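*Asks:* Structure for the following, please:
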Amino acid sequence: MLLVVYFGYHAIQGDWGLIRYLQLDQQIAQLEQDAELVTAQREALQHRVTLISHIDGVDPDMLDEQARYMLGFSHPEDFVIFTGNEMASEAE
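*Replies:* Presented below is the predicted three-dimensional model:
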């Protein structure tokens, strides 16, 4: 009876038990979600890089946007809306 209890306990609570399996499964799901988020961010950054480095030259709108953002300049009649993405990249 003690052997059954011993092996039963370790089958559920042990390093390779059922609870650890469920924790690892949850961790895998979280990491896959994080990977999708990082992939989406990378694709967005890659898109911005392709806009800046065209074969025909620099995209004028992208150049204007980056210059205004980096230098902090804007026309008095311009409305500037920060989406939060710019601030997050600055903090890093």
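*Asks:* any idea how far Leu51 is from the spatially most central residue of the chain?
*Replies:* With distances taken as C-alpha atoms, centre = their mean, Val38 lies nearest the centre of the chain, 3.4 Å away. Distance from Val38 to Leu51, counting by C-beta to C-beta, to the nearest Å: 21 Å. From N, CA and C alone the C-beta is placed, and that goes for glycine too.
*Asks:* try Asp59
*Replies:* Note on Asp59: its distance to Leu51, by C-beta to C-beta, is 5 Å.
*Asks:* next one: Gly17
*Replies:* Separation of Gly17 from Leu51 (C-beta to C-beta): 52 Å.
*Asks:* Ala67 too?
*Replies:* Ala67 sits 14 Å away from Leu51, taking C-beta to C-beta as the criterion.
*Asks:* do the same with Gln26
*Replies:* Distance, Gln26 to Leu51, by C-beta to C-beta: 38 Å.
*Asks:* Between these two, which is the more surrounded one?
*Replies:* Leu51 (15 against 10; other C-beta atoms under 10 Å).
*Asks:* Could you check which helix or strand contains the more buried one?
*Replies:* helix 18-52 (DSSP states H and E).
*Asks:* next helix or strand past that helix?
*Replies:* Sequence-wise, the next helix or strand downstream of helix 18-52 (DSSP H and E) is helix 60-71.
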